[in-house]
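Visitor: Sequence isn't available, so here's the structure alone:
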């Protein structure tokens, strides 16, 4: 049985690497490629389609449509892009934080029989897209930590609700280097971040890992509100 997948992303962010020759790609192009991969599986895409125009609808109507899709999904994938956040706007005035919040909440609704059905907190993945120079270092920066290699996550680039669900495992395996940097090993984040180039080559692996974290959710400090 396939998974029902919702994708949260900044549609028009064009600060990403061009997927096609001689074109100016946006995040939507990455969503299209991901959708094409899903067409080869039993998984179901629950997000906005490329040809679907929501621009003439009120925010309340759009939000109701999105809530229906998120409620009927079990996995939310957040595409991180360099300009996913609108400068000068609070998190509450942007779509992605609300989509993450609703994905993390357990929501009760009544079915046609009048029975109350409560959704689970969705499994979650953060997919980091490459910038225009085909680099991921704006968020995932390779560094030398202690005596080995490590990856620094620039969580200050994220919406607060996304940042708070990073490095939120309750009993982490951590140590400090001489420079006082905290190094995490093993389990770290409920919303694990993965590079696009790795994710698109092995979607099933990262989806399965997300559902394993969902099963283990009580061992994470989950933040569900937009502040």
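Guide: Thanks, I have the structure now. Since the model is a prediction, treat every value here as computed from it, not as a measurement. Numbers count the residues shown, from 1 in each chain.

Visitor: Give the next helix or strand downstream of the worst-scoring helix or strand of the chain on mean pLDDT.
Guide: Among the secondary structure pieces of the chain, namely its helices and strands, strand 44-45 has the lowest mean (mean pLDDT, DSSP states H and E), a mean of 56. Using DSSP states H and E, the helix or strand that follows strand 44-45 towards the C-terminus is helix 59-71.

Visitor: What residues sit buried inside that next one?
Guide: By neighbour count, with 16 or more other C-beta atoms under 10 Å as the criterion, the buried positions of helix 59-71 are 66, 69-71. Yep, even glycine has a C-beta here, placed from its N, CA and C like the rest.

Visitor: which among those gets closest to residue 100?
Guide: For the buried residues of helix 59-71, the minimum distance to residue 100 (C-beta to C-beta) is 9.6 Å, reached by residue 70.

Visitor: And stretch 84-96, end to end?
Guide: In stretch 84-96, first residue to last residue: 8 Å (C-alpha to C-alpha, to the nearest Å).

Visitor: Then stretch 162-173?
Guide: 21 Å.

Visitor: so which strand or helix has the most centrally placed residue in the chain?
Guide: Note on the chain: the residue nearest the mean C-alpha position is residue 78, at 2.0 Å, using C-alpha atoms, centre = their mean. Using DSSP H and E, the element containing residue 78 is strand 75-80.

Visitor: Direction included, what does that strand pair up with?
Guide: Sheet pairing of strand 75-80 (DSSP bridges) gives strand 4-8 (parallel), strand 123-128 (parallel).

Visitor: got those strands as TSV, with mean neighbour count and mean pLDDT columns?
Guide: Putting those into TSV (neighbours: other C-beta atoms under 10 Å; pLDDT from 0 to 100) gives the following:
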stretch	mean neighbour count	mean pLDDT
strand 4-8	22	91
strand 123-128	24	98
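
Visitor: just to revisit the earlier point, next up, the contacts around the residue nearest to the centre of the chain.
Guide: Residue 78 makes contact with 7-9, 96, 99-100, 124-127, 162, 191 under the criterion C-beta atoms under 8 Å, 6 or more residues apart in numbering.

Visitor: Any idea what it is bridged to?
Guide: According to DSSP bridges, the residues that bridge with residue 78 are residue 8, residue 126.

Visitor: any idea how far it is from residue 125?
Guide: Distance of residue 78 to residue 125, given as C-beta to C-beta, to the nearest Å: 7 Å.

Visitor: Give me the common contacts of these two.
Guide: When contacts are counted by C-beta under 8 Å, 6+ apart, the set common to residue 78 and residue 125 consists of residue 191.

Visitor: tally of neighbours for residue 213?
Guide: 19 (other C-beta atoms under 10 Å).

Visitor: wait, doesn't residue 97 sit right on residue 160?
Guide: Yes - proximity of residue 97 to residue 160 meets the contact threshold set by C-beta atoms under 8 Å, at 7.3 Å.

Visitor: With neighbour numbers in mind, choose between these two.
Guide: When residue 97 and residue 160 are compared for neighbours, residue 97 comes out ahead with 22 against 16, by other C-beta under 10 Å.

Visitor: helix, strand or coil for the more buried one?
Guide: For residue 97, the assignment made with DSSP: H, G, I helix; E, B strand; the rest coil gives helix.
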